[in-house]
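S.K.: My questions concern the predicted model and sequence given below.
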Amino acid sequence: MTAGETTSPDRFDDEHYPAYTMGRAAEMIGATPAFLRSVEAAKLFDPLRSDGGHRRYSRYQLRLASRVREIADQGTSVESACRIVILEDQLAEALELNQRYARGDVGPAAS
């Protein structure tokens, strides 16, 4: 970091910030770069690309990829595991939204 440059604390907390290179991401989830490319090909997510064209992954994407790896390690194809994880993620979002509606945190969508 150079003099006068600051780091936003929001980036440390933002699970969607693309902070990890492919090599580091693969290491973090105990997989190979080829596995991450196969997950991308199965359309689980589309990693951000740096100016040089290198993939960058967020913690959220790594959490999804890690779950795919767990399912694939049990004998499910990567493509099927990706679909399962996408559906699990959609269900979790829907359940959270339902809880927010029940608490009155959000109103019904405008028509």
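M.R.: Received the coordinates, thanks. Numbering: from 1, shown residues only.
S.K.: show me the contacts for Ala31.
M.R.: Neighbouring residues of Ala31 by CB atoms under 8 Å, 6 or more residues apart in numbering: Ala65, Ser66, Arg69. Using the backbone N, CA and C atoms, a C-beta is placed for each residue, glycine as well.
S.K.: Please, which helix or strand holds the second one?
M.R.: Think Ser66. Ser66 belongs to helix 59-73 when elements are defined using DSSP states H and E.
S.K.: Quick one: the contacts of Ala31 as a markdown table, columns for pLDDT and neighbour count too.
M.R.: As requested, these are arranged in a markdown table below (pLDDT from 0 to 100; neighbours: other CB atoms under 10 Å):
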| residue | pLDDT | neighbour count |
| --- | --- | --- |
| Ala65 | 98 | 27 |
| Ser66 | 97 | 15 |
| Arg69 | 97 | 20 |
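S.K.: and these as TSV, adding distance to Gly52?
M.R.: TSV is the format used below for the contacts of Ala31 (distance: CB to CB, whole Å):
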residue	distance to Gly52
Ala65	22
Ser66	26
Arg69	27
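S.K.: Closest one to Val78 out of those residues, please.
M.R.: Nearest to Val78, judged by CB to CB, of the contacts of Ala31 is Arg69 at 8.8 Å.
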